[in-house]
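Enquirer: fold the stuff below for me.
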Amino acid sequence: MPETTPPLWDRDDIQFPRLLAEIMATQENLDMSALAESMDLSVEEVSSLFDRADKAWEMIKAEACPVHSALDGEPSPTDVRKAVVQFVVLHDDGADLSSWSLEELARFCDDGGYLGGGLSIVSSTPLTRAQLGVEAAKLGSEAAFFIDPDDESPGHISSSRP
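Expert: This is a model prediction of the structure:
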């Protein structure tokens, strides 16, 4: 009897990296410190796990799943990518920094109130047209920002602008 490949849903080698990549892509306020503590790892190690999962998922999509993706009707990614950046700040004043802007954090670090550094990319994933619209809206903008008016193909989204 010929061996058949299990459906994508049943393949842990595909679904686990996908799950981690999707968690990072959709969770704006993921408490990396609490997650690291619960896993008995450092925040940098947890970030590294998410990076590895994201890379694994990207490789799986690019190399192992093109036929399945087409059959499953998964939308194609655009040229636009979402990068999640992590900036580490050390402070001892008990302030809840979750609502602070990057500019406020940088000012406190520059003024010597906090230690800041360790800027890293947590994830970088291509966006489909639908995801692009949602992510742009979260930033108070529109996907039209990436539409190249000189491109005559219908609905082409490019990350290069004049």
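
Enquirer: what segments of the protein are helices?
Expert: 12-26, 32-39, 43-59, 66-72, 102-110, 129-138 (DSSP state H).

Enquirer: in contact with the residue nearest to A83 when sequence neighbours are not counted, which residues are there?
Expert: Leaving aside its sequence neighbours, A83 sits nearest to S124 (Cβ to Cβ, 6 or more residues apart in numbering; 4.5 Å). Every residue, glycine included, has its C-beta placed from N, CA and C. The contact partners of S124, by Cβ atoms under 8 Å, 6 or more residues apart in numbering, come to D54, R81, K82, A83, V84.

Enquirer: and the helices of the chain: which comes nearest V89?
Expert: Of all the helices of the chain, helix 102-110 sits nearest to V89, with 5.7 Å by Cβ to Cβ.

Enquirer: and that closest one, C-alpha only, in PDB?
Expert: C-alpha atoms of helix 102-110 as PDB (Å, rounded to 0.1, in the frame of the first residue of the first chain):
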ATOM      1  CA  LEU A 102       9.200  54.700  21.700                       C
ATOM      2  CA  GLU A 103      10.100  58.400  21.800                       C
ATOM      3  CA  GLU A 104       9.300  58.600  25.600                       C
ATOM      4  CA  LEU A 105      11.400  55.500  26.300                       C
ATOM      5  CA  ALA A 106      14.300  56.900  24.200                       C
ATOM      6  CA  ARG A 107      14.200  60.200  26.000                       C
ATOM      7  CA  PHE A 108      14.300  58.600  29.500                       C
ATOM      8  CA  CYS A 109      17.200  56.400  28.300                       C
ATOM      9  CA  ASP A 110      19.100  59.300  26.800                       C
END
